[in-house]
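Undergrad: Predicted model, plus sequence, below.
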Amino acid sequence: MDSSANWEERIWGLPTPSSPTRKNSLQQQLLLEYCGFMAWHPGSWLNLGLKWESLPNGDLHAQLANPEAPATLTMRFDEEGLLRSLSGPVGAETWTFSYLDFHSMQGLLVPLKWSVQITRDGQTWTFLQGQVTDIALNSPYSWW
């Protein structure tokens, strides 16, 4: 794909909506969704469309390298270096992906439980939760 294409066009093949407000919201949602899979797909950390910044407390800040529609999120790690959560704003809400119950699969620690919480006006609720019941490793070449 053309390197001048927008981030979501390069990653997901999606067209960009024309409204700047809608574009920012979509960019943020796509960044959260993309990074949400990083716990299971280490190769996605190498995406050149992201800028990384290490924070003093050990957290990691990711920013979409797109000046047209900035999108950011924060990743939190535990003392063992495992990704425990990532969160970022989507409009007036904050979405948080949480990862629990890590198990080793052929040398890779993966979370078997996860959830998505949404916070708005000081109220938090669980939007989605799941549990992995079966894992099969793919080829080293994947669509990411």
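TA: Perfect, thanks for sending it. Numbering: from 1, shown residues only.

Undergrad: Could you use CA atoms for every contact and neighbour count after this?
TA: Noted.

Undergrad: Please point out which parts of the helix or strand harbouring residue 73 sit buried.
TA: Secondary structure from DSSP states H and E places residue 73 in strand 72-77. Within strand 72-77, the residues that count as buried by 16 or more other Cα atoms under 10 Å are 72-76.

Undergrad: What confidence value was assigned to the one residue sitting closest to the centre of the chain?
TA: Centroid check for the chain by Cα atoms, centre = their mean gives residue 35 as the closest residue, at 1.8 Å. Per-residue confidence (pLDDT) for residue 35: 80.

Undergrad: Wasn't it part of a helix?
TA: Yes. Read with DSSP: H, G, I helix; E, B strand; the rest coil, residue 35 is one of the residues of a helix.

Undergrad: about what we covered before: parallel or antiparallel, list what pairs with the strand holding residue 73.
TA: strand 60-64 (antiparallel), strand 83-90 (antiparallel) (DSSP bridges).

Undergrad: Which SSE is immediately downstream of the longest one?
TA: Okay, so that is strand 83-90. Heading C-terminal from strand 83-90 (DSSP H and E), you reach strand 93-105.
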